[in-house]
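>>> need a 3D model of the sequence below.
(chains A and B)
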Amino acid sequence: MAVPKRKVSKSRRDKRRTHQKINGPNVASCAQCGEPAMQHHACPECGNYRGKNVLEKGE
Amino acid sequence: MRHKKSGVKLNRTSSHRKAMFRNMVTSLFKHDRIKTTDVKAKALRSWADHLVTLAKRGDLHARRQALAIIREKDVVHKLFEQAPKRFADISGGYTRIIKLGFRAGDAAPISVIELTGEPPAAENAEKDKKEKKAKKDKPAAKASAAETE
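Numbers count the residues shown, from 1 in each chain, chains lettered A, B, ... in the order given. Alright, predicted model coming up:
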């Protein structure tokens, strides 16, 4: 059976993993207040979604 | 293959699931909008649509079928009173789901599910209360006053 000849060094292991990355959330800005908001979500700041105030926050 | 496997189990037994959705649909019609997880909200739609369909039919059998699901009688009678008018020109899709973000604690995606159509509920309830307090002092409440008499 084929068996590794050497232990993979930390450097080699970590270099292999340089392509494993996590992307951050795709944040858009709210059309009403300009604050960062998730796409297809109500704005956490002003509560607007598609031109309507869905959370009944102040303003 | 997921042939013929519609719906979600939500890690519950069927009785647990049924009990939960009965509670949720009762709350939805009671409060008009409720906050829950995305998945539960999506599963709740079919329950809500079924009940609105019953309410639009409006006969005694439909009312009894609704009473077998909704846990509070008042909520059923309110629904049967309002639904035919409120959802008159809508045929299906009586709810709206808006995503809100992620819950602190378990990062579950949370959304709000609400009934579509003009909500006469809040206005009428307020008018009725004012009416009872003011005893027909306001001319705007005449129509609903006539109904209550």
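>>> what about chain A, any weak spots by pLDDT?
Applying pLDDT under 70 to chain A flags the ranges A:54-59.
>>> quick one, strands of it?
A:27-29, A:36-38, A:48-49, A:52-53 (DSSP state E).
>>> which SSE is the closest residue to chain A within chain B in?
Proximity of chain B to chain A (C-beta to the nearest C-beta) peaks at B:Lys99, 4.4 Å away. The way it works is simple: take the backbone N, C-alpha and C, and place the C-beta from them, glycine included. Assigned by DSSP states H and E, B:Lys99 belongs to strand B:95-102.
>>> what's the closest non-adjacent residue to the most centrally placed residue in chain A?
For chain A, the residue nearest the mean C-alpha position is A:Pro25 (1.8 Å; C-alpha atoms, centre = their mean). Counting by C-beta to C-beta, 6 or more residues apart in numbering or on different chains, A:Pro25 lies nearest to A:Met38, which is 6.6 Å off, once chain neighbours are set aside.
>>> from what I can see the one you found touches B:Leu100, true?
No: using C-beta atoms under 8 Å, A:Met38 is not in contact with B:Leu100, being 9.1 Å away.
>>> more neighbours: those two, which one.
Each of A:Met38 and B:Leu100 has its neighbours counted (other C-beta atoms under 10 Å in any protein chain shown); B:Leu100 has more, 21 against 18.
>>> can you say which of the strands of chain A is packed in most?
Of those, the one with the most neighbours on average (mean count of other C-beta atoms under 10 Å in any protein chain shown) is strand A:48-49, at a mean of 21.
>>> how about B:Ile98, what does it touch?
A:His41, A:Ala42, A:Tyr49, A:Val54, B:Ser111, B:Val112, B:Glu114 (C-beta atoms under 8 Å, 6 or more residues apart in numbering or on different chains).
>>> where do the helices sit along chain A?
A:10-16 (DSSP state H).
>>> where does it get nearest to chain B, which residue?
Closest point on chain A to chain B, by C-beta to the nearest C-beta, is A:His41, at 4.4 Å.
>>> measure that residue to B:Leu44 for me?
The gap separating A:His41 from B:Leu44 is 19 Å, by C-beta to C-beta, to the nearest Å.
>>> for B:Lys18, same thing?
In terms of C-beta to C-beta, B:Lys18 sits 12 Å off from B:Leu44.
>>> what about these two, which has more around it?
Remark: of B:Lys18 and B:Leu44, B:Leu44 carries more neighbours, 21 against 13, as counted by other C-beta under 10 Å.
>>> thanks again, I'm all set now.
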